[in-house]
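Trainee: Okay, structure incoming, though there's no sequence with it:
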Ligand code: FAD
């Protein structure tokens, strides 16, 4: 007996074979930013080949370094100092030329200051909707992202092509810096005029691990009472643990710590092995940036502080006693 055979839906495996991703890699002063490699792992999860792109001056050296990253098939580099400062006004047209040339189905960038600045412009110019701050990939068109400071999780499906996506760095592994052997190829440079002029930047310099990717973080809050006390107590504890320093927004707004150290909804997202905080109440906006930490340890004098609801280890006590005590014990151990 004969039966009509209609077009069969494409299988996930087939769609994955059609997918191809361009991952935007970040660098600063010739050093590849390892936390931007989360876009590579996310691209691998989508399936299909993953290429990386870099632009700036003397970028070939960084491209050669990036070629060793596991999971990348090709590195595209655009040698031009005009891209050094990451201005979206000239980066976006350059990127679009390279996206069109490569026929990519997905373009992924970190949900970093750079990615958040660049990708909306790319999406607008390509007339597609951006999918922001994804924490998981269900299929090549379906993504998971937190909303309301992480209090609700949204699953979104995008029919746009290409899919312009920013990736939460802490939700995907940053991949291995060694083991890959990608080809390195020069990309298209439209040399678009840039209406914005970069004037200057004031960067906080630190020898400590980078907050967003540190294995351990020690954070201080309003309970520290002053900048002097924050500086007296938090850095020695961080040093004893080899940790990065973080702060609550209240501590930043009160001038105890630099803005770049803020953890939370309007600060950085961190997911270290250990997040140790002192004098932080645990407001939802703070939890939004650190609740994915593997072990959360909190010191607070108030046994009912909300931070203890998420903490794996809690110490109820006066931080002005407990923090120096802990620092001394760690130093002598
Ligand atoms: P507090 O809430 O004042 O807590 C201080 C804690 O210290 C208290 O629990 C107290 O018991 C304890 N304490 C005091 N003295 C001692 C002592 N001697 N020993 C031990 N413990 C002591 N917040 C962020 O952190 N990050 C964000 O990104 C962020 N974004 C926000 C975005 C929006 C739109 C809004 C509205 C708010 C945002 N906030 C953010 C602010 C947030 O709501 C809280 O106000 C803030 O996190 C509180 O910081 P804190 O825990 O340091 O201060």
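Mentor: Yes, it's here. Computed from a predicted model, the values in this text were never measured in an experiment.
Trainee: Give me the nearest residue to the closest residue to the ligand within the stretch 1-150 of the chain, chain neighbours excluded.
Mentor: Using CB to the nearest ligand atom, the point where the stretch 1-150 of the chain gets nearest to the ligand is residue 149, with a distance of 7.4 Å. The C-beta positions use only the backbone N, C-alpha and C, and glycine is treated the same way. The shortest distance from residue 149 to any non-neighbouring residue, by CB to CB, 6 or more residues apart in numbering, is to residue 288 (3.8 Å).
Trainee: What are the buried residues along stretch 282-302?
Mentor: For stretch 282-302, the buried set under the neighbour-count rule, 16 or more other CB atoms under 10 Å, comprises 282-283, 286-293, 296-301.
Trainee: Tell me which residue is most central in this structure.
Mentor: Centrality entry for the chain: nearest residue to the mean C-alpha point is residue 169, 3.1 Å, by CA atoms, centre = their mean.
Trainee: how many other residues sit next to residue 48?
Mentor: Other residues within reach of residue 48, judged by other CB atoms under 10 Å, total 18.
Trainee: Surely it is in contact with residue 23?
Mentor: No - at 12.0 Å, residue 48 and residue 23 do not qualify as touching, with contact defined as CB atoms under 8 Å.
Trainee: any weak-confidence spans in the stretch 1-150 of the chain?
Mentor: When residues are selected by pLDDT under 70, those of the stretch 1-150 of the chain lie in 1-17.
Trainee: Please enumerate the strands of it.
Mentor: With DSSP state E, counting those that start in this stretch applied, the stretch 1-150 of the chain shows strands at 21-24, 27-28, 31-32, 50-56, 74-79, 106-110, 130-134, 136-139, 142-147, listed in chain order.
Trainee: Can you add mean neighbour count and give the ones you listed back as TSV?
Mentor: Conversion of the strands of the stretch 1-150 of the chain to TSV gives the following (neighbours: other CB atoms under 10 Å):
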stretch	mean neighbour count
strand 21-24	28
strand 27-28	17
strand 31-32	16
strand 50-56	25
strand 74-79	21
strand 106-110	28
strand 130-134	22
strand 136-139	16
strand 142-147	18
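Trainee: want to try a markdown table for the ones you listed, with distance to the ligand as columns?
Mentor: Compiled in a markdown table, these are given as follows (distance: least, CB to the nearest ligand atom, whole Å):
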| stretch | distance to the ligand |
| --- | --- |
| strand 21-24 | 25 |
| strand 27-28 | 23 |
| strand 31-32 | 27 |
| strand 50-56 | 30 |
| strand 74-79 | 34 |
| strand 106-110 | 18 |
| strand 130-134 | 14 |
| strand 136-139 | 22 |
| strand 142-147 | 13 |
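Trainee: Redo those as a markdown table? Include distance to residue 88.
Mentor: Output for the strands of the stretch 1-150 of the chain, formatted as a markdown table (distance: least, CB to CB, whole Å):
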| stretch | distance to residue 88 |
| --- | --- |
| strand 21-24 | 11 |
| strand 27-28 | 16 |
| strand 31-32 | 20 |
| strand 50-56 | 12 |
| strand 74-79 | 15 |
| strand 106-110 | 11 |
| strand 130-134 | 13 |
| strand 136-139 | 25 |
| strand 142-147 | 21 |
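Trainee: What residues does the stretch 151-300 of the chain have near the ligand?
Mentor: Residues of the stretch 151-300 of the chain found near the ligand, taking CB under 6 Å from any ligand atom as the criterion, are 221-223, 248-251, 262-267, 279-281, 283, 285-286, 289, 299-300.
Trainee: Please indicate which of those residues are buried?
Mentor: In these, burial by neighbour count holds for 221-223, 248-251, 262-265, 267, 279-281, 283, 286, 289, 299-300, counting by 16+ other CB under 10 Å.
Trainee: now the helices for this protein?
Mentor: 12-18, 38-46, 59-66, 88-102, 113-126, 227-241, 249-253, 284-290, 307-310, 319-332 (DSSP state H).
Trainee: Which other helices and strands does the shortest one contact?
Mentor: Which is helix 307-310. Helices and strands in packing contact with helix 307-310 are listed as strand 295-300, strand 313-316; criterion 3 or more CB pairs under 8 Å, 6 or more residues apart in numbering; DSSP states H and E.
Trainee: So which of the ones you listed is nearest residue 212?
Mentor: Distances from residue 212 to each of these were compared by CB to CB, and the smallest falls on strand 295-300, at 17.0 Å.
Trainee: Show me what that closest one is packed against.
Mentor: strand 274-278, helix 307-310, strand 313-316, helix 319-332.
Trainee: avg pLDDT for that strand?
Mentor: What strand 295-300 shows for mean pLDDT is 98.
Trainee: what angle do it and strand 274-278 make?
Mentor: Note on geometry: by axes from the mean of the first three to the mean of the last three CA atoms, to 10 degrees, strand 295-300 and strand 274-278 are set 10 degrees apart in direction.
Trainee: hmm, who's touching stretch 228-240?
Mentor: 208, 218-220, 224, 243-245, 247, 251, 256-257, 276, 278, 319-320, 323-324, 326-327, 330-331 (CB atoms under 8 Å, 6 or more residues apart in numbering).
Trainee: If we go by neighbour counts, what in that stretch is buried?
Mentor: By neighbour count on 16+ other CB under 10 Å, the buried set for stretch 228-240 is 229, 230, 233, 234, 235, 236, 237, 238, 240.
Trainee: need those in CSV with distance to residue 74 and pLDDT, can you?
Mentor: As requested, the buried residues of stretch 228-240 are arranged in CSV below (distance: CB to CB, whole Å; pLDDT from 0 to 100):
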residue, distance to residue 74, pLDDT
229, 52, 98
230, 46, 98
233, 49, 98
234, 44, 98
235, 43, 96
236, 46, 97
237, 44, 97
238, 39, 97
240, 44, 96
